[in-house]
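# Give me a model of this one.
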Amino acid sequence: MSASFIRQAWHADQSDRESLLSREWLLTNGLGGYASGTIAGAATRRFHGLLIANHPAPLGRIVMLNHLSELVRRQDGNTYRIGAEEFALGGLELHGIDHLTEFRLEAGLPVWRYDLGGLAFEKRLFMPHLQNTVHVHYRLVAGEWLRLKLRPSVHFRGHDAPVSGLRHDHYSFKADGNRYELALSGALPPLKLFVTGKNTAFTLDGKVLPDILYRVEKSRGYDARGELWTPGYFRADLTPENDLTLIASTENWETILAMTPLAVLDAERVRRSHLISSANAAIQEAPAAEWVLAADQFLIKPVGRIADSTRAQAAGDEARTVIAGYHWFTDWGRDTMISLEGLTLTTGRHLEAGYILRTFGHYVRDGLIPNLFPEGEKEGLYHTADASLWFFHALDRYLAVTDDGDTLRLLIPRLKEIVENHQRGTRFGIGVDPADGLLRQGAEGFQLTWMDAKVGDWVVTPRRGKAVEINALWFNALKLLEGWIRQEEGDAAARPLSESAERARRSFNERFWCAEKGHLFDVIDGEHGDDSACRPNQLFALSLPHAILEPRRWNAVLNTVRDRLLTPYGLRSLAPGERDYKAKYDGDLRARDAAYHQGTVWAWLIGPFIDAWLRVHPGEFGLARRFLESFANHLGEACVGSISEIFDAQKPFTPRGCIAQAWSVAEVLRCWVKTANT
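Numbering: from 1, shown residues only. This is a model prediction of the structure:
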């Protein structure tokens, strides 16, 4: 892995110490499990921990190793506490921050460097692929000897569960030689701990660490104070010849110890190098190569749903899906289909793209694919009007790259089922209006489009009626299926689809143009009439492969979106000056959701904007590439090495929401390739 894939995210000569708490890192294991935290080491979110393991339903993702306190002793007897902790009463303790000289990513793996006046060591974290295991590795890089004391602390809980309520009296701890297991009564597997190194020992010293403060949770209005329990501490010596590794895992011991830590690290480096070398040539160099590594974090084997894997294996296949975002999203149908091209096809992972499509094809119900699979659940929820239509788009992009006729023929019955259910009407009021051939949707209490914020019973942007992007997607789906049916079954079989598409196109162009504002309505025939708010959804009328909007309107729509919605990090969800516009996404849940689609910038929307730009300005790849430039700078903030879900609508465009979002990374990657002009 060349030096071009090493990103230095923080250096000791930086004066902004706050960035140590606001910048985060993320590791994933290909199972939906992960490790994540701040550069400083303090847990500021309930989702922060060194091992969040993903287990089969109903358990889901469980925080198994929350924190690791680190005490360093030199030969002269001086000791140093490393990392940071924050307590509700004692405040923030930035232990040893003066000795932190660097934080960087090497091939996407986090590395900290500490200098203790002539003695220096590095700490790095890595996770074996497809294991619920983490390695915390220490290496002396200058000097002759250090002693490390490592105190693990835990609060076994769902990763999105409140941080309070620790029942430390229910934990048990046992040792078998140098193998240690920490267990909690119930169905959870035990946490297994193992330390490799020189002069290793464990001291039993169980106690509660009280009043820990999670500052981000406090700012978001959630439960923010909790306790951790520690069984004791490990000790080992660090020399030039002897590294130290703490291994934490929920796997069986044979799996945990099958490879040495350095062998695991080498294997992971090789795997990541292969990810980059397999990707499109346009994204094999920084910064795009870093997004290739970020893309890998979202592609997972759905270990929580055992039936998926069993069914796929029986057919000689593999089950795959996409985590929509870290930390709190699971796999969502809409996000998966939008992300598929960028995450898999630009990165050379065509087999996994096919696995994903076939996995979701199994879940079609009443003409719908799932909106999401809830945490720890086996079955999906289907309240979405667009995910099933994005399914057609994702398949189209897959076939353009692979020409996989077998998958097409396997899925055509599902595609027909989707169209037929939409034509006669299906769940949630989704169905074609026989009066004009346009697709309408809406059911009281449900948010069915991608603008899906809901607080209690309040659906913030219900958009019930005929939404502009839903009809653009409907037309695109009809035209795609028409082409596939003509290819497989002939002209006569394709003709009804052609007629339905043409009727929708005529009605769309007659109904959706808002002459007064010079752009498209966002919703027509809504609960309160037609909605002319300026939103990015109108862009899909010209950005999709089969554009429903007549070409004479393209410039007007594109110019409106550029002038009122475009920012350096994507598109605003509502234009400034519109009623309900919110410039900042912050505060408690209600305040945040009130702004979520009411101005907040969404990074993924840069993709359809660039598609539309190049449709109106064909060949202007250099100008289109400029719309992506800010994302390269963003790699060093928020989640280092990835792209955030959303940004505030006004300068300084503070990153918000999920620290790493699948469709944000996917669309930037896809458009980086598209604008390469190769």
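# Just the pLDDT for Leu59.
You'll see Leu59 listed with a pLDDT of 92.
# so what's it up against?
By C-beta atoms under 8 Å, 6 or more residues apart in numbering, the contact list for Leu59 reads 187-188, 304, 376. Quick note: C-beta positions are derived from backbone N, CA and C, even for glycine.
# where along the stretch 401-550 of the chain do the strands fall?
Read by DSSP state E, counting those that start in this stretch, the stretch 401-550 of the chain holds these strands, from start to end of the chain: 431-432, 439-440, 454-455, 458-459, 466-467, 513-514, 519-520, 523-526, 529-531.
# where does this protein dip in pLDDT?
Residues of the chain meeting the criterion pLDDT under 70: 1-5, 13-15, 678.
# Against the centre of it, work out the most remote residue.
Among the C-alpha atoms of the chain, the one most distant from their mean position (C-alpha atoms, centre = their mean) is that of Asp76, at 46.1 Å.
# That one is in what secondary structure piece?
Using DSSP states H and E, Asp76 sits in no helix or strand.
# now, among the contacts of Leu59, which is nearest to Lys207?
For these, the residue nearest Lys207 by C-beta to C-beta is Leu188; the value is 21.5 Å.
# out of everything not next to it in sequence, what's closest to the closest one?
Phe156 (5.8 Å; C-beta to C-beta, 6 or more residues apart in numbering).
# count of neighbours near that neighbour?
Neighbours of Phe156 under the rule other C-beta atoms under 10 Å: 24.
# what's the distance between it and Leu228?
As for Phe156, its distance to Leu228 is 10 Å (criterion: C-beta to C-beta, to the nearest Å).
# swap in Phe428?
Phe428 sits 43 Å away from Leu228 when distances are taken as C-beta to C-beta.
# so which of the strands of the stretch 401-550 of the chain comes closest to Leu565?
Counting by C-beta to C-beta, Leu565 lies closest to strand 519-520 out of these; the figure is 10.3 Å.
# Adjacent strands (with direction) for that closest one?
Strand pairing for strand 519-520, determined by DSSP bridges: strand 513-514 (antiparallel).
# chain center to the partner strand: distance?
Its chain's average C-alpha position is 35 Å from that of strand 513-514, according to C-alpha atoms, centre = their mean, to the nearest Å.
# The chain should start at 782 in everything you say after this.
Understood, numbering begins at 782; the last thing we discussed is strand 1294-1295.
# can I see the domain layout of the protein?
With domains defined by automatic domain parsing, the chain comprises 784-1054, 1060-1192, 1214-1327, 1346-1459.
# re the thing from before, pop out the phi and psi values for the residue farthest from the centre of the chain.
Note on Asp857: backbone dihedrals following degrees, to the nearest 10 are phi -80, psi 0.
# Any idea what Arg907 is bridged to?
Quick fix: residue 907 is Phe, not Arg. Residues in a beta bridge with Phe907, per DSSP bridges, are His916.
# Quick check: it touching Val1045?
Yes. If you go by C-beta atoms under 8 Å, Phe907 and Val1045 touch, sitting 6.7 Å apart.
# Give me the more crowded residue out of the two.
Between Phe907 and Val1045, counted using other C-beta under 10 Å, Phe907 has the larger neighbour count: 27 against 21.
# so what's that one up against?
Counted by C-beta under 8 Å, 6+ apart, Phe907 has contacts 808, 890, 915-916, 918, 1045-1046, 1049.
# cutoff 10 Å now
The contact partners of Phe907, taken as C-beta atoms under 10 Å, 6 or more residues apart in numbering, are 808, 810, 816, 887-892, 914-918, 1026, 1042, 1045-1046, 1048-1050, 1053.
# Next: His836.
Listed by C-beta under 10 Å, 6+ apart, the contact set of His836 reads 812-814, 842-843, 845, 913, 968-970, 1031, 1084-1085, 1157.
# repeat for Asn1023
If you count contacts by C-beta under 10 Å, 6+ apart, then Asn1023 has 919-921, 926, 977-981, 1017 around it.
# change it to 6 Å
By C-beta atoms under 6 Å, 6 or more residues apart in numbering, the residues touching Asn1023 are 978-979.
# roughly how far apart are it and Gly978?
As defined by C-beta to C-beta, Asn1023 lies at a distance of 6 Å from Gly978.
# So which bits of the longest strand anywhere in the chain are buried?
Taking DSSP state E as the assignment, the strand of the chain that covers the most residues is strand 979-994. Burial within strand 979-994, assessed by neighbour count using 16 or more other C-beta atoms under 10 Å, is assigned to 981, 983, 990, 993-994.
# and those residues, which two are the farthest apart?
Pairwise distances across the buried residues of strand 979-994 peak at 32.3 Å for Thr981 and Leu994 (criterion: C-beta to C-beta).
# which parts of stretch 1140-1154 are buried?
Those buried within stretch 1140-1154 under the rule 16+ other C-beta under 10 Å are 1140-1142, 1144-1145, 1148-1154.
# Please look at Leu1320 and Asn1340 and confirm they touch.
No. With contact defined as C-beta atoms under 6 Å, Leu1320 does not count as touching Asn1340 (11.5 Å).
# more neighbours, the two?
A side-by-side neighbour count of Leu1320 and Asn1340, using other C-beta under 10 Å, places Leu1320 first with 28 against 13.
# host element of the closest residue in space to that one that isn't next to it in sequence?
If the residues on either side of it in the chain are set aside, Leu1320 comes closest to Pro1389, at 5.0 Å by C-beta to C-beta, 6+ apart. Per DSSP H and E: Pro1389 is located in helix 1387-1397.
# For Val935, give the beta-bridge partners.
Val935 has the following beta-bridge partners by DSSP bridges: Trp1010.
# Please report the distance of it from Ala834.
The separation that Val935 has from Ala834, given C-beta to C-beta, amounts to 12 Å.
# cool, Leu881 as well?
The value you get for Leu881 to Ala834, if C-beta to C-beta is used, is 28 Å.
# more neighbours, the two?
Neighbour tally, Leu881 and Ala834, criterion other C-beta under 10 Å: the higher count belongs to Ala834, 32 against 24.
# Looks like that one contacts Asn913 (just checking).
Yes. When contacts are counted by C-beta under 6 Å, Ala834 is listed as touching Asn913 (3.7 Å).
# Need the overlap of contacts for those two.
Common neighbours of Ala834 and Asn913 are listed as 814, 1031 (criterion: C-beta under 6 Å, 6+ apart).
# Please give the element, helix or strand, for Leu875.
Short version, using DSSP H and E: Leu875 is in strand 872-876.
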